[in-house]
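> Show me how the following folds:
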Amino acid sequence: MRYLVTGAAGFVGSHLAEALQAAGHEVVGLDSFTDYYDPRLKEENAAALDVRRVDLAADALDFAGYDGVFHLAGQPGVRSFGDVFGLYVERNALASQRVFEAASRAGTRVVFSSSSSVYGEAERYPTPEDTPPRPVSPYGITKLACEHLAHAYARSFELDAVVLRYFNAYGPRQRPDMAFAALLSGPFTLFGDGGQSRSFTYVGDVVRATVLAMEAAPPGALYNVGGGEEATMNEAVALLERIAGRSFEIERAPAVPGDQRRTKADTTRIRQELGWEPEVGLEQGLRAQWEWASARLAHHEP
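I've put the predicted structure just below:
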């Protein structure tokens with residue numbers, strides 16, 4: 001099969017592209033190589049892949065000849081209020097609209113990576129897919145807009161689209177601004193009281209769900225992709241310190257506007273329909289991330 005992966009030099013995208021290659025597929029990656037994600041790390045991620053520099057919101061897109069498109073590119077992060085909002089509209093909503101447009105012209109299936117941020121302060125936990133979305137950040141709002149765009153293109157132009165709502169992916173190559181990656185590079189700013197909890201999902205489990213969605217999900221399907229364990233930030237930090245055998249430098253700061261207090265995925269639907277379930281527990285996943293970060297730090301030391 002010949003697949004296209006947007007965001008292929010990023011965190012989940014690079015893992016996905018590698019997994020597809022290892023399974024014998026031909027993979028072409030697209031990435032804008034923005035400076036939001038550590039440029040050196042992006043170059044490292046892209047080194048063994050066929051990744052082309054493309055601005056999805058502006059450049060011409062032609063998906064003819066591909067068996068499927070994994071659309072993982074986007075502007076991440078809930079700190080999306082204020083002057084940066086335009087970036088979220090451009091790199092999420094506009095870019096996705098153009099991806100869906102190109103895919104519908106080519107008759108190509110799209111698997112789109114949405115986010116648990118669309119739920120906001122959910123009305124119940126664990127949170128199933130039929131929970132009314134109430135995003136509390138511009139990031140979540142633009143991700144929900146992308147979901148609506150996928151539905152609109154499916155209805156009007158027969159786009160074959162599957163939407164996955166990722167819950168707090170972590171692991172090797174995690175964006176430097178994300179909690180565990182920032183903690184390992186230190187000093188780490190912990191926003192809020194640390195009692196906010198997350199449905200942490202190891203990147204390998206995210207990749208398996210994403211590939212399964214391309215191969216087996218019915219058109220128009222929507223699935224949560226969430227870890228089997230829920231932990232507070234305080235608990236996760238303590239676990240990582242135990243794995244590392246040392247304490248980390250932590251600075252406390254007020255909670256960030258738009259940050260959710262809790263996420264916990266109800267994964268009943270994806271378990272029943274695709275047979276997917278998370279396989280990597282939080283301790284095992286954090287150990288893998290710590291080993292990767294330690295090796296990378298040693299490699300880049302002068």
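
> my guess is Arg262 contacts Gly192, does it?
No. Look at Arg262 against Gly192 with Cβ atoms under 8 Å: they stay out of range, at 11.7 Å. In this view, the C-beta of every residue, glycine as well, is placed from N, C-alpha and C.

> What segments of the stretch 201-302 of the chain are helices?
When secondary structure is read from DSSP state H, counting those that start in this stretch, the stretch 201-302 of the chain shows helices at 203-216, 233-244, 268-274, 282-300.

> helices or strands next to the longest one in the packing?
The one in question is helix 282-300. Packing partners of helix 282-300 (3 or more Cβ pairs under 8 Å, 6 or more residues apart in numbering; DSSP states H and E): strand 169-170, helix 179-185, strand 201-202, helix 233-244.

> need the least confident one among those, by mean pLDDT.
Comparing mean pLDDT across those, the weakest is helix 179-185, with a mean of 62.

> The nearest residue to Pro138 once chain neighbours are set aside: how many residues sit nearby?
With sequence-adjacent residues excluded and distances taken as Cβ to Cβ, 6 or more residues apart in numbering, Pro138 is closest to Ser80, at 4.0 Å. Residues lying near Ser80 (other Cβ atoms under 10 Å) number 22.

> what comes up buried for the host helix or strand of Phe112?
Using DSSP states H and E, the element containing Phe112 is strand 109-115. Using 16 or more other Cβ atoms under 10 Å as the test for burial, strand 109-115 gives Arg109, Val110, Val111, Phe112, Ser113, Ser114, Ser115.

> Could you look up the next helix or strand downstream of that strand?
Strand 109-115 is succeeded, C-terminally, by helix 138-157 (DSSP H and E).

> From the chain's centroid, how far away is that following helix?
16 Å (Cα atoms, centre = their mean, to the nearest Å).

> So which residues make contact with it?
74-78, 80-81, 85, 88-89, 92-93, 96-97, 100-101, 103-104, 110, 112, 114-115, 117-120, 133, 135, 159-161, 163, 219-220, 222, 258 (Cβ atoms under 8 Å, 6 or more residues apart in numbering).

> got it, and stretch 197-208?
So stretch 197-208 is contacted by 11-12, 15-16, 19, 116, 126, 166-174, 225-227, 229-233, 236, 261-265, 276, 278-280, 282, 284-285, 288 (Cβ under 8 Å, 6+ apart).
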